[in-house]
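**Student:** Sequence and computational prediction follow.
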Amino acid sequence: MSLATWTWIITAVMCLFFLALSFRFKEKANISFSHFAIAGGTLPFVLILFTDIATIMGVGNFVGHSAKGYDIGLANIPFVVGEQGAKIVFALVFAGFAAKFTYNTIAELMHDLLLRDKISRALIGVLTACIMIAWIGGQAKGMGDLFAVFTGTDPLAMILVFSAVFIIYTTVGGIYSVVWTELIQGGLILALAIWFYFQVFAKIDFSFTTLKTKLNAVGAANLLELNLSFGEIATLFITGCFGILAAQVYWQRCFAAREPKSASRAMFYSGIVAIVFTSLTTLAGIVAKVQNPDLVANQAMPWLIMEQMTQAAALIFFTLVFLAAISSAASQLHSAAVVIINDLVIPNTAKKTDAQYVKYTRWCVLLVGVFAIAAAMWAESIIGLFSMAYTMAGGGVIPVLIVGLVWKRRKQEAFQMGTQNSGVSPWGARAGLVSGAICSVALGILWGVLISTVLTILLSLLLPANRDHEASPSPRML
């Protein structure tokens with residue numbers, strides 16, 4: 001059979017299996033909004049570990065970063081270390097702390113423990129949701145482009161099938177569908193990725209010296225040079241690191257963990273996997289440069305697979321990217337829908353039952369999924385706009401979070417759900433969020449972080465909140 005036929009067969013088998021699995025968890029997801037969003041805080045270490053791995057390793061980790069390697073070489077590594085190393089920073093600094101609580105979102109945590117301001121909560125929700133929406137569209141678009149290369153046909157059919165599957169199984173089973181499918185997807189990703197890297201680096205005899213020699217021969221020795229200033233390296237690192245720290249999907253996994261140690265260990269191990277694999281993907285792009293120095297960067301990895309490897313190898317690579325894309329897209333979709341309902345709808349509407357919130361979230365999953373896919377296919381500029389939220393959220397949300405956690409009103413008292421304990425005022429938070437987001441895009445994230453931090457502190461001192469006259473403790477919105 002042809003490569004196109006085998007590609008469709010593999011796609012159909014995986015899609016049917018994931019859909020069937022999701023219906024096993026429909027009733028558990030219906031128990032409450034908390035169960036739909038974070039499994040009621042009951043997930044064990046093994047599920048957290050593999051859902052972290054599957055979520056982290058999206059299309060970009062196997063295709064996007066190889067294009068960067070082909071184009072700029074080792075200069076991509078600082079961003080990789082910042083973006084993927086952020087998971088390790090998150091594990092060491094935030095994961096255990098977050099897992100002590102059963103919030104649904106990072107915005108809800110900041111609202112309850114630090115800010116007590118619905119406007120700030122909404123701003124955080126919008127920024128973090130936009131990151132997820134951009135990533136959903138990116139996974140579908142990347143999957144469709146790869147399918148077009150493999151089959152020589154229009155990618156629209158694959159994008160629609162691929163998108164329908166992850167939208168349906170996320171809608172049906174909530175986080176239970178996501179984590180149980182990603183237990184399987186994450187395990188397969190690990191195995192197939194190791195095989196894939198072995199095939200690629202066999203072409204240079206697993207020798208960095210051989211790679212350097214071959215690059216010299218094609219006039220691309222500059223790809224092994226790291227000619228970046230300290231400021232450029234710091235910007236790449238901070239952009240990747242702070243953008244990831246603001247990602248709702250990782251906070252949500254911590255809130256869903258059964259115990260803090262499970263959350264921190266899982267994120268730590270998955271962060272190591274992400275750094276190693278994504279760095280190897282960058283090097284794989286450099287290997288493609290050796291094989292053909294005249295390609296468009298985005299086609300480097302597909303060309304290497306199609307022209308330099310067997311049909312079986314091409315099918316395995318397609319399976320690897322399909323699993324990476326569908327797992328990452330489902331996680332981002334679920335997180336985006338939970339953020340919209342939890343931080344934009346619930347705080348600003350009359351109280352409803354858990355069953356109604358679950359129903360709203362399911363509809364939100366469907367609507368967000370359709371919007372993200374439509375934007376990816378027909379309005380790439382919209383996805384580019386949303387992608388700016390990666391920088392905006394990192395420069396706005398994270399400085400306010402860190403200042404809020406460090407600036408405790410009662411220094412000897414641990415943070416507890418329902419009790420506000422931060423010196424950051426509502427106006428300080430609003431100023432920090434807005435200025436950090438705007439300045440990170442306009443001036444660069446280093447300036448954005450600095451300005452956000454300064455204004456958060458300054459406005460909180462000039463316009464403090466009279467916390468002593470607030471009702472205490474303030475209940476959660478749910």
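**Tutor:** Structure's in. What do you need? Residues are numbered from 1 along each chain as shown.
**Student:** so Gly395 touches Ser452, yeah?
**Tutor:** Yes - using Cβ atoms under 8 Å, Gly395 is in contact with Ser452, at 6.2 Å. All C-beta spots, glycine's among them, are computed from the backbone N, C-alpha and C.
**Student:** With neighbour numbers in mind, choose between these two.
**Tutor:** Gly395 (34 against 29; other Cβ atoms under 10 Å).
**Student:** where's the more buried one, which helix or strand?
**Tutor:** Per DSSP states H and E, Gly395 falls inside helix 380-406.
**Student:** Show me the contact partners of the following helix or strand past that helix.
**Tutor:** The helix or strand immediately downstream of helix 380-406 is helix 426-442, counting by DSSP H and E. Here helix 426-442 makes contact (Cβ atoms under 8 Å, 6 or more residues apart in numbering) with 110, 114-117, 119-120, 123-124, 127, 388, 391-397, 399-400, 403-404, 424, 447-449, 451-453, 455-461, 463, 465.
**Student:** So what's the residue count around the residue lying closest to Ile56 once chain neighbours are set aside?
**Tutor:** Spatial nearest neighbour of Ile56, excluding adjacent residues (Cβ to Cβ, 6 or more residues apart in numbering): Ala274 at 4.7 Å. Residues within reach of Ala274, counting by other Cβ under 10 Å, total 25.
**Student:** Buried residues of the helix or strand encompassing Ala274, list them for me.
**Tutor:** In the assignment (DSSP H and E), Ala274 maps to helix 260-291. Neighbour counts using 16 or more other Cβ atoms under 10 Å place 260, 262-271, 273-275, 277-291 of helix 260-291 among the buried residues.
**Student:** so the helix holding Gly395 versus helix 426-442, what angle?
**Tutor:** Taking axes from the mean of the first three to the mean of the last three Cα atoms, to 10 degrees, one finds helix 380-406 and helix 426-442 inclined to each other by 140 degrees.
**Student:** quick one: average confidence on helix 380-406?
**Tutor:** The average pLDDT within helix 380-406 is 80.
**Student:** I'd guessed Gln299 sits against Ala148; true?
**Tutor:** No - judged on Cβ under 8 Å, Gln299 makes no contact with Ala148 at a distance of 10.7 Å.
**Student:** so what sits against both of these two?
**Tutor:** Counting by Cβ under 8 Å, 6+ apart, nothing touches both Gln299 and Ala148.
**Student:** State the number of residues packed around Arg409.
**Tutor:** So Arg409, with other Cβ under 10 Å, has 12 neighbours.
**Student:** again, but for Val13
**Tutor:** Neighbours around Val13, by other Cβ under 10 Å: 10.
**Student:** ok, back up a step: show me which of the contacts of helix 426-442 are buried.
**Tutor:** Here, 16+ other Cβ under 10 Å leaves 110, 114-117, 120, 123-124, 127, 388, 391-397, 399-400, 403-404, 424, 448-449, 451-453, 455-457, 459-460, 465 buried among the contacts of helix 426-442.
**Student:** residues touching the closest residue to Leu245 other than its chain neighbours, list them.
**Tutor:** Closest residue in space to Leu245, ignoring its immediate chain neighbours: Ile398 at 5.1 Å, by Cβ to Cβ, 6+ apart. Ile398 makes contact with Phe242, Leu245, Ala246, Val449, according to Cβ under 8 Å, 6+ apart.
**Student:** mind checking how far the last one is from Thr391?
**Tutor:** Applying Cβ to Cβ, to the nearest Å, one obtains 11 Å for the distance of Val449 from Thr391.
**Student:** Equivalent analysis for the first one, please.
**Tutor:** When distance is defined by Cβ to Cβ, Phe242 is 8 Å away from Thr391.
**Student:** hmm, back to that, where's the helix holding Gly395 relative to the chain centroid, distance-wise?
**Tutor:** Distance of helix 380-406 from the chain centroid (Cα atoms, centre = their mean, to the nearest Å) equals 13 Å.
**Student:** The host helix or strand of His35 - contacts with which helices or strands?
**Tutor:** Taking DSSP H and E as the definition, His35 sits inside helix 33-38. Judged by 3 or more Cβ pairs under 8 Å, 6 or more residues apart in numbering; DSSP states H and E, the packing partners of helix 33-38 are helix 26-29, helix 156-201, helix 248-256, helix 354-378.
**Student:** can the ones you listed go into CSV with extra columns for mean neighbour count and distance to Leu320?
**Tutor:** Listed next are the helices and strands packed on helix 33-38 as CSV, based on neighbours: other Cβ atoms under 10 Å; distance: least, Cβ to Cβ, whole Å:
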stretch, mean neighbour count, distance to Leu320
helix 26-29, 17, 28
helix 156-201, 21, 4
helix 248-256, 28, 21
helix 354-378, 19, 21
